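Participant: take this sequence and fold it.
(chains A, B and C)
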Amino acid sequence: MSKLQERASANKWSSMSGKKPPSVGSILRTTFLLVMTFVILAPVIWFVLSSFKDPTDLSARPPKIFPTTWAFSNYTEAFQMYNYMRYFTNSVIVTVVATVLTLLINSMAAYAFAKYNFRGRDGLFVLTLAMIMIPLQVILIPIYLVVSSLGLVNTYWGMIIPAAATPTGVFIIRQYMLTIPDELIEAARIDGAGEFRIFARIVLPLCRPALAVVAIFSILWRWNDFLWPLLIAQKEELYTLPVALALLNGQLVVPYNIVLAMSVMSIIPVLFMFVFMQRQIVQGIAQTGIK
Amino acid sequence: MNKSLRSKIAIAASLVLSAGLVATGLPSAQAAGLQPTAAQLSAWKGKTISYYFYNDSQAELDTTKSQIAAFEKLTGATVKLDVIPFTNYDPTLQARLAAGNAPDVARLNNPGLYINDSLDLEKYLGRKYKTEFLKGSTLQVTHPTTKKLIGVPYDLTVNGPFINVEMFKEAGVAVPTSWNWTELIAAGKKVQKATGSEYAFAIDKTGHRVSTVMSHFGAYMVDKNKRNVLRSSKFRAEKAVKMITDLYVADLAPRDLWIGTGTKYSSPTAIFLGQQTPIFFSGNWQVASLAKDAKFEFAAVPNPKELNGGGWPGGKFLTAFNTSKTPDLAAYFVYYLADTAQMEEMDKNAFWLPVRVDLVEKGVKYATRSSDMAVFQADAGKTPAAAYGIQSVPTLTALIYNNLRDLMTDVMGGKITVKEAIAKQIVFIDEKLATLKK
Amino acid sequence: MPYLFVAPNMFIFLTFIIWPAIRGFQISFYDSIDGRTFTPVGAGNYRAIFGDPTVAEVAKNTAIYVIFYVIISTVLSIAFALIVNEQQFAKGFFRAILFLPVMLSPVVVGLIWNDVLDRKVGPLNSLLEALGGGSPGWLIEPKLGMIAVIFVGVWVHLGFYSIILLAGLQGIDRSLLEAAAMDGATRPQIIRTIILPLLKPTTLVILILATIHGFQSFDFIYTLTGGGPFGATTLIVQYIYDRAFQTPIQYGLGSAAGVVLFMIIFAFTALNFLLGKKRQAI
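Facilitator: Purely as a prediction, here's the structure:
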């Protein structure tokens, strides 16, 4: 945006409480936000530019902002070594199915925690929150024993089901459901609606913003998951993008320029989603009114 | 016994031993190879085995895939290739073993972890089979108590330096054909000054590579009888380690890469490829990737010689697991991948050094970079026998190397002195060796 | 009926987390180098943890990290939420930018900052040099390493917390603010006396989440510093990870450390939850 436009829109500024002209405060605010934008965007842009650099440029001092020669070979090589579409498809399958399942079971649990009084409710809720705190790393072998005795190794379901129950999802939806008036549910009960019907027809539609938020987080989590799919998928055809990215790091040889290119390729779908859906994402979150 | 006499004896002994290392074996090692019998073939038809595998280069993967195809054609069996990222390679395999879901065959870099899970190959391939491989190379795949062969060496790696020939030329420094460490460091500094490169020298961040330098100065950590020999070669070790850490402290070597990666492995490949160091101390496995990525002329040069020359041995292994439902097929798959024809193909494609006696005698003809490979091959022959000593404790090697690496990090940060580092390492080795006796 | 609703979620927790965690708890009383063969050691692992100087160091690092991370994240996210909320021009754009780092995978975050913070070839130091600020060794000096790791941790999650707070701000009754403004209250007064108190429940959520995130930080740190320089950024989860994955593998010790970590976070969360409940906050 040009300076002129900026100034033009600046003239239309008004603060929340009144219709004052651009104050010192609003200028400070915008400057502050521009600095923040720089701190967030600059490293990401730098990283993307780095992925087009050859080894000479990567170790040049002082560092070069733009590559001297654009090393598209980082990407072509990565594609040669790499069945990108296969891994991409796997990532999409796991992400989408897991997210749908997450929304269903998390909202069910959240409903019980928010709208029912039952013995052990608080205990179970704290237990649910506690699930976030168990480091997966340390229970790897016990988990593997369970997964493998259920025959889930090397299956999509193995990557999907265990990860679908997210404590944070339950937490976010529950917080939102607390804001739904109990009278609404009572009224439906008096009208003779079944419990599942109330949940599906009345509560869920009201929770749309919270569900949107959990959907987005679930997508991000599953898309970026590493340890879990690594454990479950032990053949190349089932690898997701993060696992495939790890394949690039050999024992002794790590082709850094290709790792960069592949990392950028793995965040592109997410960035794509971000650019085209940022309004829905951010407003969805802003509307949840988590309290 | 005075020091110089002792070292002369050590040299003489190592010469004899390393000569023996290459020359033993069967001159007429089963030229025809082992062919499956008709009974085996009918039993194997339609069977499936899985192969747990990781790769350092695309060539390794491609060659493995084509060899599997040939094996399937030969035996009628199917091989499921599981390509696993090296991150968490061993823990994932441990988890599979724990769940009774073990692969039939695996490529391993740390076979010591699986000695009780590995199939006794001698039962299927005969007691003489191990003589097809270089003598020292089977130490890590010999069961410590039964002494049976529980795997085969798949390749031999040798540590050694690479140089950027163009930078050497620019600085007017001759490409070395033999040198010692003082000359190496002087050359590095001179080239750095002349070319304005960031560093004079860089080495992989591992105790394994540093052990090469210690070996040059005649210092070792464990001998073939599982004894701590660092105590007796302490001063030499201090000299070697100080030389390396001094380079890092003075910023003549990439300190950031070493310190800034915590307890992770890191290799200055990118720094060498970016022409920021004229000398890069690594090993022959780099040849494939350097040949692909270097935009300048580079060369492998002989290891510097102080008391000793030569490299430091390493390698990867193939193991079959004793939980296999078709152990004879699994053993035969190992045999097949490690037979003369397949090994030669793999050595050529992936720039591996041969570990089979017949291939060493015959010599592997690499399509490119043959002079580099010849340098490593020559250094393999010059490697002192004492360098193989640490392989007598296969379950401890990684621990000992990593501890050395971390102590060096502390030295570079000024937390401890080199003397203290070596003293701590001596105690550490004592402690670890004591755990074996329990 | 409510049990039916919780069942699927709880079933998955039970099968894939709680049951393995109970096994992990059992393992914490054994010594194991491979997760398959176990030697009972009683409470030996716990004794080792509480007597080990490395663990003391790790605990100290974790405490420093969590305290700074939680405080900075909370304060900054409140500031950002207030500022973005007041902002009229390009509000959506700024909100979106804030959220960008949340979407990146931790490994990529580590790679990005590794690139940016490099002492010699990183853009940050060449910028600082141009400004005459020297070139600090962000990733090779212990104190700077910790600062870098806290900064990146905040960088990643700030958008997440800010947006939750923004949501909280939407819930504040506007008429209340307008009335105060009409009574002649200044903006800082309004923020201090009306907005911040009303934002308390949301702030509590942020505190809970940030504490958990803080204790759990691992992936991006592992990629960024590997726990270095000189162990200064080795936090408890990395310690656990190392014991389970890196030589020397000591599953029992790692499990014991996991149990201890779990108890600490559990205590914190339960405390937060109970305090919040007392005040009718959540």
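Participant: hmm, C:Pro40 is touching C:Tyr30, no?
Facilitator: Yes. Using Cβ atoms under 8 Å, C:Pro40 is in contact with C:Tyr30, at 5.5 Å. From N, CA and C alone the C-beta is placed, and that goes for glycine too.
Participant: who's more crowded, these two?
Facilitator: A count of neighbours by other Cβ atoms under 10 Å in any protein chain shown puts C:Tyr30 above the other of C:Pro40 and C:Tyr30, at 19 against 9.
Participant: quick check: which ranges of the stretch 1-150 of chain B have low pLDDT?
Facilitator: By pLDDT under 70, the low-scoring segments of the stretch 1-150 of chain B are B:1-32.
Participant: which parts of it sit against chain A?
Facilitator: B:54-58, B:80-89, B:91-92, B:94-96, B:98-101, B:109 (Cβ under 8 Å from any Cβ of the partner chain).
Participant: count the neighbours of the residue in the stretch 151-300 of chain B positioned nearest to chain A for me.
Facilitator: As assessed by Cβ to the nearest Cβ, chain A sits closest to B:Gly274 within the stretch 151-300 of chain B, at 2.9 Å. Look at B:Gly274: counted by other Cβ under 10 Å, it has 23 neighbours.
Participant: excluding chain neighbours, give the residue nearest to it in space.
Facilitator: Distances taken as Cβ to Cβ, 6 or more residues apart in numbering or on different chains place A:Ser59 nearest to B:Gly274, at 2.9 Å, with adjacent residues excluded.
Participant: surely that neighbour touches B:Tyr199?
Facilitator: No. In this structure A:Ser59 lies outside contact range of B:Tyr199 using Cβ under 8 Å: 9.9 Å.
Participant: which residues do these two both contact?
Facilitator: Residues touching both A:Ser59 and B:Tyr199 by Cβ atoms under 8 Å, 6 or more residues apart in numbering or on different chains: B:271, B:276.
Participant: can I see the domain layout of chain B?
Facilitator: B:24-156+B:315-364, B:158-313+B:387-437 (automatic domain parsing).
Participant: where's the residue nearest to B:Gly274 relative to B:Ser197, distance?
Facilitator: Taking Cβ to Cβ, to the nearest Å as the measure, A:Ser59 and B:Ser197 are separated by 10 Å.
Participant: overlap in contacts, those two.
Facilitator: B:275-276.
Participant: between these two, who's got more neighbours?
Facilitator: A:Ser59 (26 against 22).
Participant: near chain B, which residues of the stretch 101-250 of chain A show up?
Facilitator: Within the stretch 101-250 of chain A, the positions lying close to chain B (Cβ under 8 Å from any Cβ) are A:140-141, A:144-145, A:148-149, A:153, A:227, A:230-231, A:234-236, A:243, A:246-247, A:249-250.
Participant: just the buried ones among those residues, please.
Facilitator: Neighbour-count burial (16 or more other Cβ atoms under 10 Å in any protein chain shown) applied to these gives A:140-141, A:144-145, A:148, A:153, A:227, A:230-231, A:234, A:236, A:243, A:246-247, A:249-250.
Participant: ok, which of those also contact chain C?
Facilitator: A:140-141, A:145.
Participant: residues touching the residue most central in space within chain A, list them.
Facilitator: In chain A, the residue lying closest to the centroid (Cα atoms, centre = their mean) is A:Leu220, at 2.0 Å. Neighbour list for A:Leu220: A:270, C:102-103 [criterion: Cβ under 8 Å, 6+ apart].
Participant: could the ones next to chain C among the buried ones among the residues of the stretch 101-250 of chain A next to chain B go into a markdown table alongside secondary structure and pLDDT?
Facilitator: What follows is those, written out as a markdown table (DSSP: H, G, I helix; E, B strand; the rest coil; pLDDT from 0 to 100):
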| residue | secondary structure | pLDDT |
| --- | --- | --- |
| A:Leu140 | helix | 73 |
| A:Ile141 | helix | 73 |
| A:Leu145 | helix | 82 |
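Participant: of all those residues, which comes closest to C:Glu129?
Facilitator: Closest to C:Glu129 out of those is A:Leu140 (44.1 Å), distances taken as Cβ to Cβ.
Participant: state the distance from the residue in chain A positioned nearest to chain B to B:Pro254.
Facilitator: Per Cβ to the nearest Cβ, A:Ser59 is where chain A lies closest to chain B, at 2.9 Å. Using Cβ to Cβ, A:Ser59 is found at 9 Å from B:Pro254.
Participant: okay, and the common contacts of these two?
Facilitator: B:198, B:271, B:276.
Participant: could you pick out which of those residues are near chain A?
Facilitator: B:198, B:271, B:276.
Participant: doesn't the second one belong to a strand?
Facilitator: Translated: B:Ile271. No. According to DSSP: H, G, I helix; E, B strand; the rest coil, B:Ile271 belongs to no strand; its state is helix.
Participant: residue contacts, it?
Facilitator: A:59, B:198-199, B:202, B:254, B:257, B:277, B:280.
Participant: tell me if B:Ile49 really is in a strand.
Facilitator: Yes. Assessed by three-state DSSP, B:Ile49 belongs to a strand.
Participant: ok, so of the shared contacts of A:Ser59 and B:Pro254, who is nearest A:Val92?
Facilitator: For those, the nearest to A:Val92 is B:Ile271 (37.4 Å; Cβ to Cβ).
Participant: tell me the pLDDT of the closest one.
Facilitator: pLDDT, B:Ile271: 92.
Participant: can you check C:Ser217 too?
Facilitator: Confidence score, pLDDT, at C:Ser217: 88.
Participant: same deal with the one 3 residues further on?
Facilitator: If you check C:Phe220, the pLDDT there is 91.
Participant: in a strand, it, correct?
Facilitator: No. Secondary structure of C:Phe220 (three-state DSSP): helix, not part of a strand.
Participant: separation between it and A:Leu247?
Facilitator: Taking Cβ to Cβ, one finds C:Phe220 at 20 Å from A:Leu247.
Participant: also A:Leu220?
Facilitator: 22 Å.
Participant: what does A:Leu49 give?
Facilitator: According to Cβ to Cβ, A:Leu49 and A:Leu247 sit 25 Å apart.
Participant: within range of chain B, give me the residues from chain C.
Facilitator: Checking chain C against chain B by Cβ under 8 Å from any Cβ, the hits are C:33-36, C:118-120, C:137, C:139-140, C:142, C:222, C:225-231, C:233-234, C:242, C:244-249.
Participant: quick one: which of these sit in helices?
Facilitator: Among those, DSSP state H puts C:142, C:222, C:242, C:244-245 in helices.
Participant: export those residues to JSON lines and tack on neighbour count?
Facilitator: Output for these, formatted as JSON lines (neighbours: other Cβ atoms under 10 Å in any protein chain shown):
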{"residue": "C:Pro142", "neighbour count": "18"}
{"residue": "C:Tyr222", "neighbour count": "23"}
{"residue": "C:Asp242", "neighbour count": "22"}
{"residue": "C:Ala244", "neighbour count": "28"}
{"residue": "C:Phe245", "neighbour count": "21"}
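Participant: nearest to chain B among the residues you listed?
Facilitator: C:Phe245 (5.0 Å).
Participant: could you chop chain A up by domain?
Facilitator: Taken from automatic domain parsing, chain A resolves into A:22-71, A:78-287.
Participant: just those domains: most buried one?
Facilitator: Sort those by mean neighbour count, taking mean count of other Cβ atoms under 10 Å in any protein chain shown, and domain A:78-287 sits at the top with a mean of 20.
Participant: gap between that one and the chain center?
Facilitator: 8 Å (Cα atoms, centre = their mean, to the nearest Å).
Participant: likewise stretch B:388-407?
Facilitator: In terms of Cα atoms, centre = their mean, the centre of stretch B:388-407 is found 13 Å from the chain centre.
Participant: any idea how far apart the tips of it sit?
Facilitator: In stretch B:388-407, first residue to last residue: 22 Å (Cα to Cα, to the nearest Å).
Participant: between the ones next to chain C among the buried ones among the residues of the stretch 101-250 of chain A next to chain B, which is nearest chain C?
Facilitator: Taking these together and measuring to chain C by Cβ to the nearest Cβ, the closest member is A:Ile141, at 3.8 Å.
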